[in-house]
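[1] model this:
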Amino acid sequence: MPGAKTTRSQPVIVHVVHSLSVGGMERGLLSFLAQPAALAVRNVVCTMRGPGTLAKELPANTELDALGYVGRHPLSAIGLSKVLRRHRPEVVHARNFNTWCDCVLACRLTQSPKPKAVLGFHGLETDGGFTPVQRRRARWLGFASHQFTSVSRAGADQLTRELGVDEQNIRWLANGVDTSRFTPPDARQKQRKREALGIDPSERVVLMVGSLVPVKDHAAAIDAVKHHIGPIQPVRLLIVGDGRLRDEIREQADHVGRGTRVTLLGERHDIPEILRAADVFALSSRSEQMSSALTEAMATGIAVVATDVGDSARVVEHRHSGLIVPPANPAALGHALAELLANPDDRRRLGANARRRAVERFDLAAAAHAYTRYYESLANDVVRGGSRCAALPA
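    As a prediction, the model looks like this:
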């Protein structure tokens, strides 16, 4: 019958990202999609750029639309609106500010049924908060009237403080970690991976995992091992990740002096195995929300040292499951790393507590259920005719 409403068994969720590159947010999305709880909805991933190096890891039941735009493109919102018309989702979840504008505009361009736009906050690539340009865009496009998710309590506070988002419109959905994939190694596994990475038996290993961008402050970590560990004992700093600061970090790594070696491993798909080679994990960020790399290290049973940014101090219990130090302070970071490297009993105790905390507090299956329940509640609002896309402000 013309005009009759049809029903479908599952709500459709479109996840919008720049690309499926190797990053904490992208790996977290893939982890969610692979969970049984994600089968309760039909998931579609739309990348504004190319598919990305992680696209091949998408579950078979997840569709992929790669728009292929390069940089900021004037037609990107139109391209995304075509994806929405094709899939007719109830919910569009845009991951991070670089996709929020396109998501909001695409929803407005989409004819009935309009989906509900959700703006997911996973952090910024620079410290200092949202820029004046970002705040102006947020006001003009009426971001504050939309639904938000935040992976951290600190992020939710930032959205309220800087963008004026009502706390009632923000859902805190913490990152989960697959504690069956990230597991503590036995002595043989650790030795085998260290040999594969060319690590000398005399070297202690500090590991970092994160994009090579300013906010991660790799320079502070390199200074920390150079000045506060290398002069005492041989140390190898392993850095996993890639980004626009690659050449700058490599230049700094080439001048660390005796006793210290820095190895840039680039993008890797064997992070669980690399973690098993580490003695200590370091998070040196100047700004962060909730670091997936941090909880992955904890699940692997590694003693961690993290800067007091975002929710790090909530995730890591200082001196129980790791050490917390001030950000932008290479000396404090170096002293904490040196303390753990000099005390294997403390490393074992903190690592065991970290593993226990990851299992009890940050289980991926529980996090996936929380996401799915949230999507289903929003989809039900849409079916009942609730507000889907807020109007542009006058």
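[2] C-alpha only now, for contacts and for neighbours.
    OK.
[3] Break the chain down into its structural domains.
    Split into domains by automatic domain parsing, the chain comes to 12-176+364-383, 187-361.
[4] What ranges does the stretch 201-350 of the chain have for its helices?
    Remark: helices assigned in the stretch 201-350 of the chain by DSSP state H, counting those that start in this stretch are 218-228, 246-253, 271-275, 292-299, 312-315, 330-341, 344-361.
[5] what's the closest of those to Arg161?
    Arg161 lies closest to helix 312-315 among these, at 19.5 Å (CA to CA).
[6] Let me have the domains of the chain in TSV, adding mean pLDDT and mean neighbour count as columns.
    Putting these into TSV (pLDDT from 0 to 100; neighbours: other CA atoms under 10 Å) gives the following:
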stretch	mean pLDDT	mean neighbour count
domain 12-176+364-383	94	19
domain 187-361	96	20
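[7] just checking, what's the longest helix in the chain?
    Ordering each helix of the chain by length in residues (DSSP state H) puts helix 364-383 first.
[8] what's the angle from that one to helix 344-361?
    30 degrees (axes from the mean of the first three to the mean of the last three CA atoms, to 10 degrees).
[9] Remind me what helix 364-383 packs against, helices and strands.
    Where contact means 3 or more CA pairs under 8 Å, 6 or more residues apart in numbering; DSSP states H and E, helix 364-383 is packed against helix 24-33, strand 91-95, strand 116-121.
[10] can you put those in TSV and add distance to Ala358?
    What follows is the helices and strands packed on helix 364-383, written out as TSV (distance: least, CA to CA, whole Å):
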stretch	distance to Ala358
helix 24-33	15
strand 91-95	24
strand 116-121	22
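[11] of all the helices of the stretch 201-350 of the chain, which lies closest to Pro201?
    That would be helix 330-341 among the helices of the stretch 201-350 of the chain, by CA to CA, at 14.0 Å.
[12] how about the CA coordinates for the closest one, as PDB?
    These are the backbone C-alpha positions of helix 330-341, laid out as PDB (Å, rounded to 0.1, in the frame of the first residue of the first chain):
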ATOM      1  CA  PRO A 330      60.100  15.000  31.700                       C
ATOM      2  CA  ALA A 331      61.900  14.800  35.000                       C
ATOM      3  CA  ALA A 332      58.900  13.500  36.900                       C
ATOM      4  CA  LEU A 333      58.200  11.000  34.100                       C
ATOM      5  CA  GLY A 334      61.800   9.900  34.100                       C
ATOM      6  CA  HIS A 335      62.100   9.400  37.800                       C
ATOM      7  CA  ALA A 336      58.900   7.300  37.900                       C
ATOM      8  CA  LEU A 337      60.100   5.200  35.000                       C
ATOM      9  CA  ALA A 338      63.500   4.700  36.600                       C
ATOM     10  CA  GLU A 339      61.900   3.800  39.900                       C
ATOM     11  CA  LEU A 340      59.900   1.000  38.300                       C
ATOM     12  CA  LEU A 341      62.700  -0.300  36.100                       C
END
